[in-house]
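compute the structure for the input listed below.
(2 chains)
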Amino acid sequence: MPNLREIRRRIKSVKNTRQITKAMELVAASKMKKAQQAALSGQPYAALLAETLAHISSRIEDVEHPFFEEREIKTRGIIVVTTDRGLCGPLNGNLFREIMKIEGNAEYVSVGRKGKQFLSRSSRNLLADFVVDDNVPYVTIKQLTEFMIEKYLAKEIDTIEVLYPHFVNVLVQNPTFGKLLPITGLEDMITQLRGKNAEPFEHADDERNFKFEPDPVTILSDLLPLFVDRQAYQAVLSAKAAEHSARMVAMKTAKDNASKLIDSLTLQFNKARQAAITQEILEIAAATAGND
Amino acid sequence: MNLEIVTPEAKVYEDTVESVVLPTTTGEINILPGHIPLVTEIQAGEIIVPKPGDGQSLAISKGFAQCVGDKISVLAEDAIHIDEIDEFAVEEAQKRAETALTTMEKMSDEEIAMLETQIAYARAQIILKQKRR
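Okay, the predicted model is just below:
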């Protein structure tokens, strides 16, 4: 028969756990709201940026910018965006599974501690590690993309991709490969950024020649890095929103499980107590019967 | 014509306008209906939307503008309506950025560029506010 004190101790410890997970759930929920807001409000800007770029690239006949040039892919450059801390369900695990599927040469840059640990443990080529805290400072992302672009221009890597958990809604986060360089398929990207209900992107049927001020080359050389930065920034924001929502859901499940456990332990405790009382009554009754 | 001003934080402005004045890097330009397709760079300054009765103006940080058909889209790092400018807070922010620029050592190029953008934006807001008085 289980010991009464033993059960009482377990109930107490499970209650403590429940309290902690509940607090973590609330913290994640409030952080999630902020992160979600940031991720969503950046979308029109990113869409418009892509649109401007699409206009320019379609109008300049001989764009010979290395960012548009599709060369043979020998080494992929992949930015892996993970969380710093655990307890967020299968979020990081799903990303790692994607990494394991990658064949051929690839160089990695990690954002987030979990990704760094995974990449170094599985002895993949980790070029650099960037630490991005919860407010996601734009400067850090800029440094990150600058670093990658340098490698890209030096032909050490032939693509720049970002692997991150895409925030769809609170319950769904998909591991996604976002292509930063070379720039292809702008039209699809714009359609996707505008959201499901928007019309697909089409080039304006304006036959007149585009005018560029000061000149196309200057605009392109200012616009392209900004575009890449924004794209990366948007991915990290999405990853943060995904992290907090995944953590919230994981903590909610943990809290619910703790409640269930407490219920069944309480039942067990009451049964044990009743058994002990019955036992004592039986003993007393037997003793009185023996005396008569 | 349809004018929209978008920043990373929000869509600051969206309305039908008759013309708009943009502060480009090569000088102020006034866009009227039927303008040829244009892509241009914008520097910190003032966007004026003249309207019958009273015009509206916004302070803007650097960015890009495109004009295609009867649609003008302005992409900026930051933009604010003149009535929402808090002059005092802006001055504070400008001072902070300037001291950071002069006192901090070992800054990356990106950080310097960012601070300079902030200062230019702050200056544009203050000039705008003072002009209004």
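
next up, the contacts around the residue nearest the centre of chain B.
Chain B has B:I60 as the residue nearest its centroid, 1.1 Å off, counting by CA atoms, centre = their mean. Counting by CB atoms under 8 Å, 6 or more residues apart in numbering or on different chains, B:I60 touches B:5, B:23, B:42, B:44-47, B:74, B:76, B:78-79, B:121, B:124. In this view, the C-beta of every residue, glycine as well, is placed from N, C-alpha and C.

equivalent analysis for A:D222, please.
Contacts of A:D222 by CB under 8 Å, 6+ apart are B:E41, B:F64.

now with 7 Å, please.
By CB atoms under 7 Å, 6 or more residues apart in numbering or on different chains, A:D222 lies in contact with B:E41.

hang on, isn't B:L101 packed against B:L115?
Yes - in this structure B:L101 lies within contact range of B:L115 using CB atoms under 7 Å: 5.0 Å.

higher neighbour count, these two?
B:L115 (18 against 15; other CB atoms under 10 Å in any protein chain shown).

next, the residue sitting nearest the centre point of chain A: secondary structure please.
Of all residues in chain A, the one closest to the mean position by CA atoms, centre = their mean is A:A239, 3.0 Å from it. Of the three states, A:A239 takes helix according to DSSP: H, G, I helix; E, B strand; the rest coil.

list the contacts of whatever residue of the stretch 51-200 of chain A ends up closest to chain B.
Scanning the stretch 51-200 of chain A for the residue nearest chain B gives A:K142, at 4.4 Å (criterion: CB to the nearest CB). Neighbour list for A:K142: A:D229, B:E110 [criterion: CB under 7 Å, 6+ apart].

measure it to B:V39 for me?
Separation of A:K142 from B:V39 (CB to CB, to the nearest Å): 23 Å.

what does chain A put close to chain B?
A:41-42, A:44-45, A:48-49, A:52, A:55-56, A:139, A:142-143, A:146, A:204, A:206, A:208, A:210-214, A:219, A:222-223 (CB under 7 Å from any CB of the partner chain).

mind giving me the packing neighbours of the longest helix anywhere in chain B?
Ranked by residue count and defined by DSSP state H, the top helix of chain B is helix B:109-132. Packing partners of helix B:109-132 (3 or more CB pairs under 7 Å, 6 or more residues apart in numbering or on different chains; DSSP states H and E): helix A:138-153, strand B:45-49, strand B:56-60, helix B:87-103.

any residue of the last one touching chain A?
By that I understand helix B:87-103. No - for helix B:87-103, no contact with chain A is found by CB under 7 Å from any CB; the gap never falls below 12.1 Å.

which of the residues of chain A next to chain B are buried?
Among the residues of chain A next to chain B, the ones that count as buried by 16 or more other CB atoms under 10 Å in any protein chain shown are A:42, A:44-45, A:48-49, A:52, A:55-56, A:142-143, A:210, A:212-213, A:219, A:223.

who's in contact with the helix or strand of chain B with the lowest mean pLDDT?
One helix or strand of chain B scores below all others by mean pLDDT, DSSP states H and E: helix B:109-132, with a mean of 81. With contacts defined as CB under 7 Å, 6+ apart, helix B:109-132 is touched by A:139, A:142-143, A:146, B:44-46, B:57, B:59, B:61-62, B:77-78, B:80, B:82, B:85, B:87, B:90-91, B:93-94, B:97-98, B:100-101.

tell me the secondary structure at residue 72.
Answering for chain A, as no chain was given. coil.

hm, I was asking about chain B
Going by three-state DSSP: B:I72 is strand.

doesn't B:L3 make contact with it?
Yes - using CB under 7 Å, B:I72 is in contact with B:L3, at 4.8 Å.

how about the contacts made by B:I85?
B:A59, B:Q125, B:L128, B:K129.

for A:L265, that is, sorry about that
So A:L265 contacts A:I7, A:R10, A:I11, A:V14 (CB under 7 Å, 6+ apart).

which pLDDT value belongs to the closest residue to the first one other than its chain neighbours?
If you skip the residues right next to it in sequence, A:I7 has A:F269 as its closest partner in space, 4.5 Å away by CB to CB, 6 or more residues apart in numbering or on different chains. For A:F269, the model assigns a pLDDT of 94.

hang on, B:E28 packs against B:V21?
Yes - applying CB under 7 Å, one finds B:E28 in contact with B:V21, separated by 5.8 Å.

comparing these two, which residue is more hemmed in?
Taking other CB under 10 Å, B:E28 and B:V21 do not tie; B:V21 has more neighbours (16 against 12).

contacting residues around the more buried one?
Contacts of B:V21 (CB under 7 Å, 6+ apart): B:E28, B:N30, B:I47, B:I48.

regarding the first one, what is its secondary structure?
What it means is B:E28. With three-state DSSP as the criterion, B:E28 reads strand.

contacting residues around it?
B:E28 sits in contact with B:V21, B:L22, where contact means CB under 7 Å, 6+ apart.

if we use 6 Å, what do you get?
The contact partners of B:E28, taken as CB atoms under 6 Å, 6 or more residues apart in numbering or on different chains, are B:V21.

and the residue nearest to A:L186 when sequence neighbours are not counted, its phi and psi?
Among residues not flanking A:L186 along the chain, A:A54 sits closest, at 4.3 Å (CB to CB, 6+ apart). As for A:A54, its main-chain torsions (degrees, to the nearest 10) stand at phi -60, psi -40.

fine by me, we can end here.
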